[in-house]
Each structure stands twice: as C-alpha cells, then as structure tokens.
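Visitor: Pasted the sequence and its predicted model underneath.
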There are 2 protein chains.
Amino acid sequence: MLVLEEAVKCLLCHTNAITETELIPLLTSTNRILAAPLLAMVDQPPFPRSPLDGYAVRGQDTEGAGKDFPKRLKVIGTVYAGEVFTGTVREKEAVRITTGAPIPEGADTVIRQEDTDYGREEVKIYRGSPPYENYCCQGEDYRKGDILLESGMRMDGIGIALAASLGKELIEVYRKPKVAVISTGDELIQPGASLPPGKIYDANRHLISGRLMDFGLMPFASLHGRDDVQGMAEMIYKFLGEADLIVTTGGVSVGEKDIMHQVLSLLPAEKLFWRVEVKPGTPTLAAVLGNTLLICLSGNPFAAAANFELLVRPVLGKMTRDKRLEVKRCRAVMENDFIKPKGTRRFLRGYTEDGKVWVSAGNHASGTLMAMVGSNCLIEISKEQAGAGKGDEVWVYLR
Amino acid sequence: MLVLEEAVKCLLCHTNAITETELIPLLTSTNRILAAPLLAMVDQPPFPRSPLDGYAVRGQDTEGAGKDFPKRLKVIGTVYAGEVFTGTVREKEAVRITTGAPIPEGADTVIRQEDTDYGREEVKIYRGSPPYENYCCQGEDYRKGDILLESGMRMDGIGIALAASLGKELIEVYRKPKVAVISTGDELIQPGASLPPGKIYDANRHLISGRLMDFGLMPFASLHGRDDVQGMAEMIYKFLGEADLIVTTGGVSVGEKDIMHQVLSLLPAEKLFWRVEVKPGTPTLAAVLGNTLLICLSGNPFAAAANFELLVRPVLGKMTRDKRLEVKRCRAVMENDFIKPKGTRRFLRGYTEDGKVWVSAGNHASGTLMAMVGSNCLIEISKEQAGAGKGDEVWVYLR
C-alpha cells in the first residue's frame, strides 16, 4: 500500500507533458496553453500616431500660443485614421488629423482641436504643445523582437487581443490530453433509460466526465462497461495509443465482481500500484500501457471524486501544463468537529473560506453524492488523529 | 457626465435577466445556470444496499460469533450488484452479496467476506455484526421530494453527477445571452490579411470577443464595421431583437470620425448616457433599442478593456445570473507609487495578491495592450487623489 504522495509521484513519473501542438483559430484559443512564444514581428503601433483629434504640427511653431495670441498655421492637408499623409509638415504648417492616424513626417506633436478654431485652410492655435507631448511613439506598446507572451502561458481575452494586434489568425497551442472515461458495473443504467429493480443510474461516469469538463477537457470517450473481463479488456485495448489517460470507476476491490485485476492481466499493462493509504478510495489501481496511463478509481462516488482530485488531477496538470489544474493545498482552521478512528488518513468534503473550513453537513458515506454539493475542498484528517475539532488546523485541498 | 455607479445602475435598469430556457444534454451543461430546481423523483439509493462484499444476514443470528466460535448459516443464494434476490432471509440463513447489491428482504446487515470462510452452501461467520451496521439505507443519499440543486445554481461535475443519478439525460438551463461585438474604424485590418501603411490590426474586436469567451460566452457575432454612418446603422439594425447586447468599440468621442452619435440618430434608439466620469474611457455611450442594449466603448484598447469590466460585466452578470461575472471589488494596499493629476477618477492595470496590489509595469497609455498581460485587477485612484503611494489603501476590481 502506497502513501498518497508516493502514488502521485509514481503517476507523475509515468506522465508526459503533451508535446504535440496544433494551430487553432485565435478566437477559439481561450484557456489553451501556448506552445511557442508570441514574438512581435513589428513595432506596435507600427508608426507614430495621434492620440487625439486635432492638428499635427511642429511643436516649436506653437510655442507661446494663447487665446489672445493665437499662432496661425497653414493647413496643408488632412489625414484620417487608416490613411497616410505623404507630404511633410514644414515650418508654420499643420495637417488636420484624427485619433489613431499616422503623424505626418515633420510634425512632432498634435494640437487638440478644442485648442484651435477648427480652421480648414488656416488654423488658429490657442494653446501650444511642446514636441512629443501629444505623440504616441512607434513601438510604444511593444517593439519588433519583443516576446509578448511566453510559451506555456494560458490564453485569455488579453492574449487573444495581443495575438490579433500582431495579425495572427491562427495560434499554436499544445493539444489537449485525450482522456477516456469508463464506468464499470452491471448495476449501472444510463440516464434516459428506465430503471429496473436492483439497478442505479450511472453517476460515476458523469462525475468524472463532468469534472473533466470543469477543466475544459471534453472526454475523448465516456463509456460504460459491464462486469465482463474480456469485454472490458477489449474496450480498454481499443484506446491504447489513442488516449493519453483512461480513468475507470468500479471493480478495483477484492470481491468476485472486482474484475479490473483480471482485466489488467489480459492487457499489455505494467501495474504501477494497487491500494493507496487514503480513505475513501483505498483500492485505487494504476497501470501504464505503452503511452497510455490507466487509473482505476473506486466505484463509490465520493471515493471516485476524492481520488480524482488527489491522483488524477496532478496527472492532468502535468499533461496540460495548465497551472489551474495543479493541486492547491493550504492550511485552514476547523469550524466544526469530525470524529474518525485513528489509523486511516481520511479525506472529507468541506467548505473553506478566509482560512476557515467547515465539514460539509449531511451523510459522509463514500457512496453519497449530496454532501459534495457546495463543497469546495477536501479536508485531510491525518492517520495519527482520531478526528479534528473546532480550532484545529488542518490541510485542505482546494477544488 | 455620469459617475460610474450611476452609469452601472442605469444599464442594469435596462437589463433583463434571461428568462428563456433550453433543454440541453447533461454532459454539455458545465457552467450553465439551472433554470429549474433539480427535484428527486426517487430515493437514492432506491433500495437498501450492501456497502461491501460478503453475506447478507439477520444481525441477531451472528451475535457472539468469534474466530473460535463461528456461527454457521445456510447460504440460500447469491445476489450481485444490479440483480435482485427475490426470496427472504430467515433465521440462520445468509445470502452471498456484492457491493452495491440490494440487501434481500429479512436481512439487516452484511458480514464482510474477510470475516467468514467464504462458504458456498454453509458459511462460517467469525465476527458478528449488529443490525444496520453494514447497511446503506434506502434514501441515505437523498429522498424522493428533496430538492438537490436550487434553480439558479451553476452546473459543474458534481451537479452533473447528481442529475445523472436521477436518470436525467437532458437538463433545463437558461439560454446564454446573445452578445454581438462590433469594432469600428477604417484603420483596422483583420488578422490574417496583410497590413497596408497607416493601418493596424483589429485588437479590440478580439479583446472584447476574447473576454466574452473567458466567461464562456461565445459571441453571437463578432464583426468589424467601417467608419460609415449608414453602413454601421444597418449592421446594428440587423441585430435588433436578435442580440441581447451589442458592444461596439471606437467612434464615441467628439471627432469628425466619431460616427456612433450619428449612427444612433438613424436607429430607433433611446440614448441612456454619453460620457462616464472615469479615465480611461470617458466617452462611453449607451443606448437601448427595444430589447437590445447597446454599449459603445472607446476605441483605445485599455479604455475598452477597463470599461468592459466596469460597465459591460455587470450587465452580463445580471443577464446570465452567473455569480462569477458579478464585479468583485476589495481593498488592497499599494506596493508601489502612481502619480496622476487630481480631478479624474482613474483606473490602472494592476496585480493583486494577499491584500497587496502592484501597479503593472510598462506603458499605461490607454492605447497599449502589453501592460494588461499578467494584470489581474483594475486599481482605482479617486478623483480627489493626485495618485497613490506605497502603503495607501485603494479599491481594486478583480478580473
């Protein structure tokens, strides 16, 4: 039986960060991980531009201008944003200019239109502007050769805007891991079908698939398998080399219907471990099959949920390089009591906020789902403790 | 000119929470908002079930059992998970049972197989179990009639698992708001095309669209419009009654090319406000056109980004009922200095952590994008202050 940290280490040893990349449309890249640095191929802005609507001038020509002593300049043209004025602004000349337009050759500042008489052939300047006062330099945002986003960064609205500003339509990101989810058990019926006596609906497949979706990872496949050794081995075999990770639920304990041990023996699998020193979910089983990692969780819904956070999540974090998936653990002070026998390292459903943590109300049996609603963390009660009481400090693992 | 809070209030007065709902496949419901409570139609589990592999018995028949004084029971059958044993367990009888199987009539606990001789016709019980010790009651997770999730809750992996456990294949959620994004300006070229002199790539459309995507809201449309009053009016007109919200960038100031004022005059629009007392982004313009709200942001990228957070985000929060979209504001202590003139309420790019906040390095001009990279908040410097220095407490608006 491995301690949790050893089990995680062992899984991570057999996990590769995805190296394959794909070029995807920029507007679909939210939350994807950049596979190459975003390098500026041009200066931004690509030319000196006007920050306002007014007149592009030589600053020195406006020195000393006032309401009662306007400077008069000859208007030699107009340049709108998106256009280029091909002439040069010389002594006592001005070009009418709009926000965002390139500042013409020769001009070194822009007079706000409110500080002029809006003249068309000749303009009166009522307030001077020193050179470069109202002047956005070429490259003031970024310069050719700058790295705008590092490889490994997660794309968001700002990253998308930056890449767009470079003219990128497509962006290179790491592909997402392909994760197959398989629930096992003859007692499971799929939602939508009617429920015969003795059966229950398949919550586990939805729990694991739904948790993947919480991380933006649509399952590569989400299936249910019967308690049939040969059939299950074939189902898993089909995913070898296709899926990066297969997560199953059920069939890992020591009973007659705990078929996953036999399933493994039919497959080209190297068993990594069986049984981890945690409760719930002790009988977790893990194996590696070529490039595909297989993690078999307990069929108890909370055991599956807890071990997904503790064991599967770090694997997904390494595969995706997405920092949001890394396990986040912190200390918190218990606000209520929980009693358990010594000798097992127990994980409980809890809610944490502001350094405090509450054990979730309701039934903590590992077969129940309801106590997970509104829970935002797992509370750890160590092997040595016989529970924890109000005021005790514990580790919490954030969801 | 409105103060920010008045502008938000005015927008929210003209914003309706979406009431239309849609039935969607359960596994696509991540982050969607439940439009009806999730009501249990059955008990969960639907029958008393075994928490382990062993023998279902009457507890009283095993009282006093020990390694040296086994109790002998007649094995009258086997029940696997997913099956039903139709007989009744009577005095000194046992039924072989697997985890998750219904506990047969008459039995009131289960003996762990490790505490037996695994007998097939007769089983020796080495350790007794009182009634209901190893017995998951019908309805121990939830009972028929319980409300499992309230209407208005955001779906996640746990919610998906709960709905699946009820047999739901489809789930009723509020539809997402339809948001159209339109960038304006003749200077804008779309990514992928080559860049003629005087032009820049269209970052704003991608910034606003990308930010919507950060919130899981794929834009209903994401378009660029030229500086053409008639054309822009027609573009907006097409979305009336179709989009819930139209967000534009550019053309809202006082220049010759600030066409949005004229565009509004061609449309059946009720102007809500023009100019908000914030910097950057003062000239924000808002109008309502039937059931469609129109918010016209400044064309400066940071002005558009900041006012998206301050003005558009609350509107999206109300429309979607998604609490993650509500504006989150807190106090933080400045770790560096920023100087500004008095008289304007200024919002800066910053990074906050642990109650501290740093003004982002780099160029704070409202036309620049780079200083937004790595920023996770807006820092507010009030109208009355001439900046803020290390140690000063300020408001920060979390992204």
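Guide: Everything's here; your move.
Visitor: Leaving out the residues flanking it, which one is nearest to A:Asn134?
Guide: A:Val110 (4.2 Å; Cβ to Cβ, 6 or more residues apart in numbering or on different chains). C-beta coordinates here come from the backbone N, C-alpha and C atoms, glycine included.
Visitor: Same check on A:Ser253?
Guide: A:Pro283 (4.7 Å).
Visitor: Isn't A:Leu71 up against A:Ala65?
Guide: Careful, residue A:71 is Lys; it's not Leu. Yes. Between A:Lys71 and A:Ala65 a contact is recorded at 4.3 Å, counting by Cβ atoms under 8 Å.
Visitor: Any chance you could list residues touching both of those two?
Guide: Here A:Lys71 and A:Ala65 share the contacting residues A:Ile125, A:Gly128, scored by Cβ atoms under 8 Å, 6 or more residues apart in numbering or on different chains.
Visitor: so how far is chain B from A:Met209?
Guide: For residue A:209 the amino acid is Ser, not Met. 6 Å (Cβ to the nearest Cβ, to the nearest Å).
Visitor: Which secondary structure state does that residue sit in?
Guide: Counting by DSSP: H, G, I helix; E, B strand; the rest coil, the backbone at A:Ser209 sits in helix.
Visitor: Can you report how many residues lie near it?
Guide: 28 (other Cβ atoms under 10 Å in any protein chain shown).
Visitor: Can you show me the strands along the stretch 251-399 of chain A?
Guide: For the stretch 251-399 of chain A, strands defined by DSSP state E, counting those that start in this stretch occupy the ranges A:270-274, A:285-289, A:292-297, A:328-334, A:346-353, A:356-359, A:377-381, A:393-398.
Visitor: Just give me how far the third one sits from the chain centre.
Guide: Once both centres are worked out by Cα atoms, centre = their mean, to the nearest Å, strand A:292-297 turns out to sit 23 Å from its chain's centre.
Visitor: quick one: strands adjacent to it?
Guide: Strand A:292-297 pairs in its sheet with strand A:245-249 (parallel), strand A:285-289 (antiparallel), by DSSP bridges.
Visitor: what's the closest of those strands to A:Phe220?
Guide: Counting by Cβ to Cβ, A:Phe220 lies closest to strand A:245-249 out of those; the figure is 8.8 Å.
Visitor: about what we covered before: ok, the residue nearest to A:Asn134 - how many residues close by?
Guide: 28.
Visitor: likewise A:Ala161?
Guide: There are 27 residues near A:Ala161, going by other Cβ under 10 Å.
Visitor: Could you find the closest non-adjacent residue to it?
Guide: B:Leu207 (3.6 Å).
Visitor: and the one you found, how many residues sit next to it?
Guide: Per other Cβ under 10 Å, the neighbour tally for B:Leu207 reads 28.
Visitor: residues in contact with it?
Guide: B:Leu207 neighbours (Cβ under 8 Å, 6+ apart): A:Gly157, A:Ile158, A:Ile160, A:Ala161, A:Ala164, B:Thr249, B:Pro301, B:Ala304, B:Ala305, B:Phe308, B:Leu369.
Visitor: Spatially nearest residue to A:Ser29 (excluding sequence neighbours)?
Guide: In space, A:Ser29 is closest to A:Met155, 4.3 Å off (Cβ to Cβ, 6+ apart).
Visitor: Please look at that neighbour and A:Thr28 and confirm they touch.
Guide: No. Applying Cβ under 8 Å, one finds A:Met155 not in contact with A:Thr28, separated by 9.6 Å.
Visitor: which of these two has more neighbours?
Guide: For the pair A:Met155 and A:Thr28, the greater number of neighbours falls to A:Met155 (25 against 15), based on other Cβ under 10 Å.
Visitor: quick revisit: so what pLDDT did the residue nearest to A:Asn134 get?
Guide: You'll see A:Val110 listed with a pLDDT of 98.
Visitor: what separates it from chain B, distance-wise?
Guide: 12 Å.
Visitor: tell me the secondary structure for that residue?
Guide: A:Val110 ends up strand, using three-state DSSP.
Visitor: ok, it - contacts?
Guide: Per Cβ under 8 Å, 6+ apart, neighbours of A:Val110: A:Ser50, A:Pro51, A:Leu52, A:Gly54, A:Tyr55, A:Ala56, A:Val57, A:Ile97, A:Ile103, A:Ser129, A:Asn134, A:Tyr135.
Visitor: Could you report the pLDDT at A:Val254?
Guide: 85.
Visitor: A:Ile125 too?
Guide: Reported pLDDT for A:Ile125: 98.
Visitor: hmm, back to that, tell me which of the strands of the stretch 251-399 of chain A lies nearest to A:Val84.
Guide: Using Cβ to Cβ, the nearest of the strands of the stretch 251-399 of chain A to A:Val84 is strand A:328-334, at 51.8 Å.
Visitor: Verify the contact between the residue nearest to A:Ser253 and A:Ser298 for me.
Guide: Yes. In this structure, A:Pro283 is within contact of A:Ser298 by Cβ under 8 Å, at 5.8 Å.
Visitor: Tell me the residues that contact both of the two, please.
Guide: By Cβ under 8 Å, 6+ apart, the residues touching both A:Pro283 and A:Ser298 are A:Val252, A:Ser253.
Visitor: What separation is there between A:Gly299 and chain B?
Guide: Distance from A:Gly299 to chain B, by Cβ to the nearest Cβ: 7 Å.
Visitor: since we're on that residue, how many residues are nearby?
Guide: 28.
Visitor: How about A:Phe47?
Guide: Neighbour tally, A:Phe47, other Cβ under 10 Å: 17.
Visitor: now do A:Val84
Guide: Around A:Val84 there are 14 residues (other Cβ under 10 Å).
Visitor: And the one 5 residues further on, by the same measure?
Guide: A:Val89 has 24 neighbours, counted by other Cβ under 10 Å.
Visitor: Name the nearest residue to it, ignoring sequence neighbours.
Guide: A:Val89 sits nearest to A:Gly106 (Cβ to Cβ, 6+ apart), 3.7 Å away.
Visitor: Quick check: that neighbour touching A:Glu91?
Guide: No. Using Cβ under 8 Å as the test, A:Gly106 is too far from A:Glu91 to be in contact (9.0 Å).
Visitor: In terms of neighbours, single out the busier of these two.
Guide: Taking other Cβ under 10 Å, A:Gly106 and A:Glu91 do not tie; A:Gly106 has more neighbours (17 against 10).
Visitor: Need phi/psi at the more buried one.
Guide: Dihedral pair for A:Gly106: phi 100, psi -30, per degrees, to the nearest 10.
Visitor: cool, and A:Pro177?
Guide: Phi and psi for A:Pro177, reported as degrees, to the nearest 10, are phi -70, psi 150.
Visitor: That one contacts A:Thr320, correct?
Guide: Yes. The pair A:Pro177 / A:Thr320 is scored as a contact, 6.1 Å apart, by Cβ under 8 Å.
Visitor: Please enumerate the shared neighbours of these two.
Guide: Shared contacts of A:Pro177 and A:Thr320, counting by Cβ under 8 Å, 6+ apart, come down to A:Ile18, A:Leu217.
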